[in-house]
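Please find the sequence and the predicted model below.
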Amino acid sequence: MAKDEILLDINLDLFPIQTELRFEERTDLNWEKHTFSTELLKFSWSHDTDRSPGLVEYISPIDQQRLHWIWNDHQAAEVDDRDWGRYLILAAEEIDVMLYDDRRYLLAIPATVPLPRFLARAATLCSGLAPESGKIGEDAIGGLPAGHAVDIYTAVPPSIAQSISEKLSQNLLRYDINIENGKAII
């Protein structure tokens, strides 16, 4: 087994997480809440449980603990990890947000939609370096809005980038990414 395959030979992807979700009739909690916006790629104050599907973050008024529910019509299921939850919603709406430069081996991920922990670790281990910060230019790219902040992982071979994208039900958007003087140009 090649080194690239060993790094991602873990059974972490959206399908098992999605099949383990247990939707049931629920009433909306009367807590502070934020809804994940697929247009802005971040949690916002607006909240609409009628939107299907939707990821809502609830904050307990007592201990500030956070719950994340995925709503589907008037049913909701708790998702344990909000990073996976965001990608579940993006996959359901078929929104692609991962950029890949296969000439420079650079993988750009929206800063507000971080990779789930083990996938982020796999991307980081490719170079041993933390991702660099960058910004999308004046034009939107795929599901990434113009001016959106991104994290750029370096030295990510195509097989790792493809495996990460498949585990998140994303299509890699091929794009030229340049890093000059420590600044990403996208």
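Here it is on my side, so go on.

hey, let's count contacts and neighbours off CA atoms from now on
Will do.

other SSEs contacting the helix or strand hosting Gln18?
Gln18 belongs to helix 14-20 when elements are defined using DSSP states H and E. Using 3 or more CA pairs under 8 Å, 6 or more residues apart in numbering; DSSP states H and E as the contact criterion, the elements in contact with helix 14-20 are helix 82-92.

what does whichever helix or strand comes after the helix it packs on rub up against?
Moving toward the C-terminus from helix 82-92, the first helix or strand encountered (DSSP H and E) is strand 99-101. Contacts of strand 99-101 from elsewhere in the structure, counted by CA atoms under 8 Å, 6 or more residues apart in numbering, are Leu106, Leu107, Ala108, Ile109, Ala161, Leu172, Leu173, Arg174, Tyr175, Asp176, Ile177.

Let me have the residues you listed in a markdown table, extended by secondary structure.
Compiled in a markdown table, the contacts of strand 99-101 are given as follows (DSSP: H, G, I helix; E, B strand; the rest coil):
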| residue | secondary structure |
| --- | --- |
| Leu106 | strand |
| Leu107 | strand |
| Ala108 | strand |
| Ile109 | strand |
| Ala161 | helix |
| Leu172 | coil |
| Leu173 | strand |
| Arg174 | strand |
| Tyr175 | coil |
| Asp176 | coil |
| Ile177 | coil |
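
Derive a PyMOL selection command for the buried subset of these.
Here is the PyMOL command that selects only those of these that count as buried (16 or more other CA atoms under 10 Å):
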select buried, resi 106+107+108+109+161+172+173+175+177
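
re earlier: for the next helix or strand after the helix holding Gln18, the distance to its chain's centre please.
Moving toward the C-terminus from helix 14-20, the next helix or strand (DSSP H and E) is strand 24-25. On the basis of CA atoms, centre = their mean, to the nearest Å, strand 24-25 is displaced by 26 Å from the centre of the chain it belongs to.

Each with direction, which strands does strand 24-25 pair with?
The strands beside strand 24-25 in its sheet (DSSP bridges) come out as strand 75-78 (antiparallel).

Give me the contact list for the strand it pairs with.
Leu21, Arg22, Phe23, Glu24, Glu25, Arg26, Leu67, His68, Trp69, Ile70, Trp71.

List just the nearest of those to Lys135.
Each of the contacts of strand 75-78 was checked against Lys135 using CA to CA; the closest is His68, at 27.7 Å.

what's near enough to touch the closest one?
His68 sits in contact with Leu55, Val56, Glu57, Tyr58, Glu78, Val79, Asp80, Asp81, Arg82, Gly85, where contact means CA under 8 Å, 6+ apart.

What are the boundaries of the strands in the chain?
Along the chain, the stretches classed as strands by DSSP state E are 24-25, 32-37, 42-44, 54-59, 66-72, 75-78, 99-101, 106-110, 132-135, 149-153, 173-174, 178-180, 183-185.
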